[in-house]
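>>> quick one, structure for this:
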Amino acid sequence: MQLFRENDIDLPLKTQGWVKSSLAAIYHDSDYGWNYRYYGRESTVIEGYINKLAAAVEAKHQRSENEQTKSKPSILGELAENKSAVASRQSEDNLRRDKKAQTEL
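Model prediction:
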């Protein structure tokens, strides 16, 4: 029930009772996708709500991955930035040497 609440999925009162008394597990199988296990009689409407829940959880997971990707630059990006910084320092050093050599002449 907590997952449904956290993801703003309103369940009818009768379905809430079924979830509390009969739903044993909701899980994701790489071959079959989202599925659920229950005890007792089968619900005629829970599958639609579980699909909504699965979509909400996957969307949250995707947003979380996108935020982590944005906050952590890739190793190639870091290498490019470092290479650029080193090249910039080298060119500054070369300019200083050239100016020093010109003033010595």
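
>>> where in the protein is pLDDT low?
69-83, 85-86, 104-105 (pLDDT under 70).

>>> now do the strands in it.
Ranges of strands within the chain are 23-29, 33-38, based on DSSP state E.

>>> most tightly packed of those strands?
Ranked by mean neighbour count, the strands of the chain are led by strand 33-38 with a mean of 14 (mean count of other CB atoms under 10 Å). (C-beta placed from N, C-alpha, C; glycine too.)

>>> and it with strand 23-29, angle?
Counting by axes from the mean of the first three to the mean of the last three CA atoms, to 10 degrees, strand 33-38 lies at 160 degrees to strand 23-29.

>>> what is strand 33-38 packed up against?
Strand 33-38 sits against strand 23-29, helix 46-71, with contacts defined as 3 or more CB pairs under 8 Å, 6 or more residues apart in numbering; DSSP states H and E.

>>> could the strands of the chain go into JSON lines alongside distance to residue 56?
Shown next, in JSON lines, are the strands of the chain (distance: least, CB to CB, whole Å):
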{"stretch": "strand 23-29", "distance to residue 56": "12"}
{"stretch": "strand 33-38", "distance to residue 56": "11"}
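
>>> quick one: closest of those to residue 67.
Distance to residue 67, taken as CB to CB, is lowest for strand 23-29 among the strands of the chain, at 21.3 Å.

>>> show residues contacting that closest one.
Applying CB atoms under 8 Å, 6 or more residues apart in numbering, the contact partners of strand 23-29 are 3, 34, 35, 36, 37, 38, 39, 46, 50, 53, 54.
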